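S.K.: My questions are about this predicted structure, shown below with the sequence.
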Protein chains: 2
Amino acid sequence: MRIAFAELFETMQGILTRRGMAPDRASLCARLFAETDRDGVYTHGVNRFPRFVRMIDRGTIELGARPVRTAQVGALERWDGRRGPGNLNAYECMARAIAIAQEQGIGCVALANTTHWMRGGSYGWQAVEAGAIGICWTNTLPNLPAWGDSVPRLGNNPLVIAVPRAAGPIVLDMAMSQFSYGALTAHRKRGELLPVDGGFDTAGNLTRDPAEIEKSLRPLPIGYWKGSGLSLMLDLVAAMLSGGMATHQIPADPNLEAGVSQFFLAMNAAAFAGGDAIANAIVESLGPVRYPGQRVMQIRAESLAGGIPVDEKTWEKVLLLK
Amino acid sequence: MRIAFAELFETMQGILTRRGMAPDRASLCARLFAETDRDGVYTHGVNRFPRFVRMIDRGTIELGARPVRTAQVGALERWDGRRGPGNLNAYECMARAIAIAQEQGIGCVALANTTHWMRGGSYGWQAVEAGAIGICWTNTLPNLPAWGDSVPRLGNNPLVIAVPRAAGPIVLDMAMSQFSYGALTAHRKRGELLPVDGGFDTAGNLTRDPAEIEKSLRPLPIGYWKGSGLSLMLDLVAAMLSGGMATHQIPADPNLEAGVSQFFLAMNAAAFAGGDAIANAIVESLGPVRYPGQRVMQIRAESLAGGIPVDEKTWEKVLLLK
């Protein structure tokens, strides 16, 4: 089924408002959810909303908590998310990083004690819409074995890098695992093998069979040892700068995932001349190869014109929350 | 053969001094080369020195050029490397980023118009030795096809992330290709297949045969489409902020590679409390899995005690430069 953006947004906004979320906060929170589906990122939008509300109802996410700054040195700040709604916390911290960057060229906010930020790309788009280069990442619950290990002790720690460009921003939003569990499930349901090895089977062999990886809980880091190392570094930087929890301390149950650490960096791309022309020339040099985020503007236009595809069962679950 | 650190250093220092490099600069340049081998990174140390000197002799690298700041907004600076020696330029720009970070919490230098920085990890170690978290990367000549392309239009754009830790810094230094050409050659000479797919053969099939990839010039980005996207973003950020050249503009011949763009970020890790204990707990949580840089301290001690392994033919070439 397809649902108009306004209906999607207003339904979620109403559910949050009736639970006691302040109107401006409910509006931003619902907008971030709805925009995720509008942009075609169906894994991290409305389909996550029922769990999000359940975590509010159970107190894992603190409905009314707002992030506070706990330390500052120049353009580097440490914030405490107080386990508030993860997308609101992330949005506020990227906004703060952008505001610092507008004054000081670059701004950085390390956020402790927050909850799942949903679609990481949201904060990349937020940065480029303000004319800033944005780089941000989050740690996660342990869901990725290090290379050479068979137990998930690392997180898939999504990394976002976004650069503004008048002709269309370039926004990369990628986790450190080759395939998310969502992607594994989707392939299995379609009866398809993965296009490349996605993890190990229970016998410890590399496999393209998604069901085997769901059983073994051993998805593959991107680039084997390289993504394993990169995931570790993202956890280290986010936890050390924020003073927050590292992946090994975060509850492994997605329904209880809270206390994650995040890193937000913004740079004022417009401060120096020539960036836009350089970005255009790079995009042109790629020839027919697509750049990250290239399809978003088109999907967005289609969503706004013809409605947003929403899974019927998901929508039923959302309506039950009213 | 094994050569004492002092001999390695003094030989290179002498060669540079006799070519007219200022004594303090020759000393730093030779030290960065010698420390690379001392730390076990044999692909980017003395074995690169003959080509480095040849590029100086031919004027591709400007022996006496020092980087200059061309723009500044707060803690974000743009520098021009004037095609000077790449390791000296990179060292000076990371030093500048660290100095800004010591005052303002975070400091960023984007460097245009520089030359090959040799071992990227050098500038990560430089940051952690100053108590800073360091993140830096460089673009390169086109040597990596984008995912979905068969022609190398991206660079392997090495990325360095380093965090200080009293019990041993953690330093990741990784290119965006699964295997460097140096690694492909080494595997081929040993008659070994790669441990995992490393690229495409000339028929367009994934292969573990290093010789096939050397023929096709189609190494694989880490994580297929993911490393391809990440390489692109690193090129965009470095070129846009520095105002310098992007990978597509850099000569594809390694002997002529000049004009690359780099990005240096330092954060004052000591500004906020608790980082060291957090890093220790993360390392401990890994169990027996090694962290990036873990072996360096041991290799360094062995190198200083028993001499540094140097290929005899390489050393002959170096001595001819005297």
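M.R.: Structure received. Numbers count the residues shown, from 1 in each chain, chains lettered A, B, ... in the order given.

S.K.: any idea how chain A splits into domains?
M.R.: In terms of domains, chain A is parsed into A:1-58+A:294-322, A:67-177+A:221-285 (source: automatic domain parsing).

S.K.: what's the span of the last one, first residue to last?
M.R.: Spelled out, it's domain A:67-177+A:221-285. With CA to CA, to the nearest Å as the measure, domain A:67-177+A:221-285 spans 42 Å from end to end.

S.K.: The first one now?
M.R.: Start-to-end span of domain A:1-58+A:294-322 (CA to CA) is 19 Å.

S.K.: Start from the N-terminal end of chain A and give the helices.
M.R.: Counting by DSSP state H, chain A has helices at residues A:5-18, A:23-38, A:49-57, A:86-104, A:121-129, A:181-189, A:210-216, A:225-242, A:275-285, A:296-306, A:312-319.

S.K.: isn't residue A:89 right next to residue A:117, touching?
M.R.: Yes. The pair residue A:89 and residue A:117 passes the contact test of CB atoms under 8 Å, sitting 7.4 Å apart. Every residue, glycine included, has its C-beta placed from N, CA and C.

S.K.: list residues touching both of those two?
M.R.: residue A:262 (CB atoms under 8 Å, 6 or more residues apart in numbering or on different chains).

S.K.: Those two: who's more crowded?
M.R.: residue A:117 (29 against 26; other CB atoms under 10 Å in any protein chain shown).

S.K.: can you count the residues close to the closest residue to the more buried one other than its chain neighbours?
M.R.: Closest residue to residue A:117 apart from its sequence neighbours, by CB to CB, 6 or more residues apart in numbering or on different chains: residue A:90 at 4.0 Å. For residue A:90, the count of nearby residues is 29 (other CB under 10 Å).

S.K.: who touches residue A:90 in this structure?
M.R.: Contacts of residue A:90 (CB under 8 Å, 6+ apart): A:111, A:114, A:117, A:122-123, A:136, A:138, A:262, A:264.

S.K.: Please flag which of those sit within strands.
M.R.: Under the assignment DSSP state E, the contacts of residue A:90 contribute A:111, A:114, A:136, A:138, A:262, A:264 to strands.

S.K.: Among those, which one sits closest to residue A:298?
M.R.: Distance to residue A:298, by CB to CB, is smallest for residue A:136 among the ones in strands among the contacts of residue A:90, at 24.4 Å.

S.K.: Check which residues of stretch A:260-275 are buried.
M.R.: A:260-269, A:271-272, A:275 (16 or more other CB atoms under 10 Å in any protein chain shown).

S.K.: Just send these back as a markdown table, with distance to residue B:99 and pLDDT too.
M.R.: What follows is these, written out as a markdown table (distance: CB to CB, whole Å; pLDDT from 0 to 100):
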| residue | distance to residue B:99 | pLDDT |
| --- | --- | --- |
| A:260 | 32 | 98 |
| A:261 | 27 | 98 |
| A:262 | 27 | 98 |
| A:263 | 22 | 98 |
| A:264 | 23 | 98 |
| A:265 | 19 | 98 |
| A:266 | 21 | 98 |
| A:267 | 18 | 98 |
| A:268 | 20 | 96 |
| A:269 | 23 | 90 |
| A:271 | 19 | 90 |
| A:272 | 20 | 94 |
| A:275 | 25 | 96 |
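
S.K.: out of the residues you listed, what pair is the most spread apart?
M.R.: A:260 and A:272 (33.3 Å).

S.K.: What is the nearest of the ones in strands among the contacts of residue A:90 to residue A:319?
M.R.: Minimum distance to residue A:319 across those is 28.2 Å, recorded for residue A:114 (CB to CB).

S.K.: Quick check: bridge partners of the closest one?
M.R.: Residue A:114 has these beta-bridge partners by DSSP bridges: residue A:260.

S.K.: For it, give me its contacts.
M.R.: By CB under 8 Å, 6+ apart, the residues touching residue A:114 are A:67, A:81, A:83-84, A:86, A:89-90, A:244, A:259-262.

S.K.: I'd like those residues as TSV, with distance to residue A:281 appended.
M.R.: Shown next, in TSV, are these (distance: CB to CB, whole Å):
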residue	distance to residue A:281
A:67	39
A:81	39
A:83	45
A:84	42
A:86	37
A:89	37
A:90	32
A:244	40
A:259	43
A:260	38
A:261	37
A:262	33
